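K.L.:
What would the 3D arrangement of this be:
(one chain, ligands or ions: 1)
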Amino acid sequence: MQRRTLLAGLAAGATLAGGAVRAQSSAPAAASAMPAPALSDAARTHIRDTLAAGSQSLMISRIAQGKLKHPMGRQFADFEAAEQDGIADVLKGRTMPGAKPTGATVAPTDAEVEANLDAEGRAAVARFRDMAAGPEFEKAYIQAEVDGHRKLLGIQDAYLQVADDAAETDIAKLAKGRIQEHLVILGDIAKHLG
Ligand SMILES: [Fe+2]
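P.N.:
As a prediction, this is how the structure comes out:
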């Protein structure tokens, strides 16, 4: 909800900015019709790094959805895939400030997710694709998610130390809370897997 409000604000700002450009020859732009500020380097880094780590988690979760047997692991993979679908949608929207907001979450295709992977992510996805279903897969998936969530937490904390953009800061704060919750859940699942 908050993200939609943020994006609606960004879209409104872009519309005002566009109007200011068109009106430039006949009247001076109002003070409130300043162009929307470009994303800062820190915000772009936050988007890129979150998308890379999040896409790794999303892709291995999509693979895991077809292989996991333990109900807790299966539930986590479903939650994680849905979460990362949403984050990918939000972050994509951040790079298109003039786009009309939509209340529906548009999940990225596998090809779009894979395009966001870094070398580490591509290796992880190949590994989980090749692994057979079974207890080893279950444990490896949960461990990979613990590692991935710790990495995602570090990315949010790094941006929150800079916090130079209101919308980006809100996204990082919201993401951080969910990441921390998932680390607790992953710890519980790891205990059940033994
Ligand atoms: Fe998560």
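K.L.:
Show me which residues of the chain sit near the ion.
P.N.:
For the chain, the residues in contact with the ion (Cβ under 5 Å from the ion) are 80, 83, 182. For every residue, glycine as well, the C-beta is placed using N, CA and C.
K.L.:
Figure out the helix or strand that residue 148 lives in.
P.N.:
helix 135-162 (DSSP states H and E).
K.L.:
Buried ones in that helix, by neighbour count?
P.N.:
For helix 135-162, burial by neighbour count (16 or more other Cβ atoms under 10 Å) applies to 137-142, 144-149, 151-153, 155-156, 159, 162.
K.L.:
tell me what that helix is packed against?
P.N.:
helix 41-65, helix 71-94, helix 119-130, helix 166-193 (3 or more Cβ pairs under 8 Å, 6 or more residues apart in numbering; DSSP states H and E).
K.L.:
Using JSON lines, lay out those helices together with distance to residue 108 and mean pLDDT.
P.N.:
Formatted as JSON lines, these follow (distance: least, Cβ to Cβ, whole Å; pLDDT from 0 to 100):
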{"stretch": "helix 41-65", "distance to residue 108": "8", "mean pLDDT": "97"}
{"stretch": "helix 71-94", "distance to residue 108": "5", "mean pLDDT": "96"}
{"stretch": "helix 119-130", "distance to residue 108": "14", "mean pLDDT": "97"}
{"stretch": "helix 166-193", "distance to residue 108": "16", "mean pLDDT": "96"}
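K.L.:
Highest mean neighbour count out of these?
P.N.:
helix 41-65 (a mean of 22; mean count of other Cβ atoms under 10 Å).
K.L.:
how far out from the middle of the chain is stretch 176-194?
P.N.:
18 Å (Cα atoms, centre = their mean, to the nearest Å).
K.L.:
okay, it in CSV with CA atoms only?
P.N.:
Output in CSV follows, covering the C-alpha atoms of stretch 176-194 (Å, rounded to 0.1, in the frame of the first residue of the first chain):
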residue,chain,number,x,y,z
LYS,A,176,14.6,-5.0,6.3
GLY,A,177,11.7,-5.9,8.6
ARG,A,178,10.5,-8.8,6.3
ILE,A,179,14.1,-10.0,5.9
GLN,A,180,14.6,-10.2,9.7
GLU,A,181,11.3,-12.1,10.1
HIS,A,182,12.3,-14.6,7.4
LEU,A,183,15.7,-15.2,9.1
VAL,A,184,13.8,-16.2,12.3
ILE,A,185,11.5,-18.5,10.3
LEU,A,186,14.4,-20.0,8.4
GLY,A,187,16.1,-20.8,11.8
ASP,A,188,12.9,-22.6,12.9
ILE,A,189,12.8,-24.6,9.7
ALA,A,190,16.5,-25.5,9.9
LYS,A,191,15.8,-27.0,13.4
HIS,A,192,12.9,-29.1,12.0
LEU,A,193,15.0,-30.4,9.2
GLY,A,194,17.7,-31.5,11.7
